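>>> Compute the structure for the input listed below.
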Amino acid sequence: MSTIPNKYFIKQGTESFQDIKTKWVGLTLLKIDSLNKRGKAKNIYVGSWINSNTEDVFVPDTVCFENPDIDFSFIVRDFDDHSINVQNIHDSFIDYMMNHKVTIKSLYENKSADFVCQSDYKPTDMRLKRSLGQNYILGTITMHRVTSTTTALT
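Residues are numbered from 1 along each chain as shown. The predicted model follows:
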């Protein structure tokens, strides 16, 4: 597997990681909100009293965090390969992301985590049925992280 920065890999279940650009030719991940994003602490307790300027605080030995939603911005285009069907590649990618628990691995951030899609999706911008090399679909899909982010093995 390549160790070039800005490479993203994906897998579902027990299959091996595949480069996203190889699995869906014509698809480029433009931005991942941040695999390092951390949700709010969910087991730190704070009690405030109306007749006091201080607060009671309990911090457990192990702090647990909510898993955040992360946005994946992407574009599917036929600029480099005029033979691809932009709509089919887009639909295949969205079906894969919305119908499976997927593991995303970023060699740029050296992190990986598991995600599921719990929200609706609509393309941000579509330009189809244009001359070759001018077709694209731009989108952002929101995925819910279901595991903590771990350092990826390269």
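
>>> M126 reaches I137, doesn't it?
Yes: the pair M126 / I137 is scored as a contact, 5.0 Å apart, by CB atoms under 8 Å. For glycine as for every other residue, the C-beta is placed from the backbone atoms N, C-alpha and C.

>>> neighbour count winner among those two?
The residue with more neighbours, out of M126 and I137, is I137; 23 against 16, by other CB atoms under 10 Å.

>>> okay, and for this structure, where does confidence drop off?
1-6, 151-154 (pLDDT under 70).

>>> can you give me the strands for it?
Ranges of strands within the chain are 8-12, 18-19, 27-32, 45-48, 55-58, 69-77, 102-106, 111-116, 125-127, 136-145, 150-151, based on DSSP state E.

>>> Looking at these, which one is packed in the most?
strand 102-106 (a mean of 21; mean count of other CB atoms under 10 Å).

>>> Tell me who's in contact with I75.
Applying CB atoms under 8 Å, 6 or more residues apart in numbering to I75 gives the contacts 27-28, 30, 136-139.

>>> Save the strands of the chain as JSON lines, and put in distance to I84 too.
Shown next, in JSON lines, are the strands of the chain (distance: least, CB to CB, whole Å):
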{"stretch": "strand 8-12", "distance to I84": "18"}
{"stretch": "strand 18-19", "distance to I84": "16"}
{"stretch": "strand 27-32", "distance to I84": "9"}
{"stretch": "strand 45-48", "distance to I84": "53"}
{"stretch": "strand 55-58", "distance to I84": "56"}
{"stretch": "strand 69-77", "distance to I84": "8"}
{"stretch": "strand 102-106", "distance to I84": "22"}
{"stretch": "strand 111-116", "distance to I84": "25"}
{"stretch": "strand 125-127", "distance to I84": "14"}
{"stretch": "strand 136-145", "distance to I84": "11"}
{"stretch": "strand 150-151", "distance to I84": "33"}
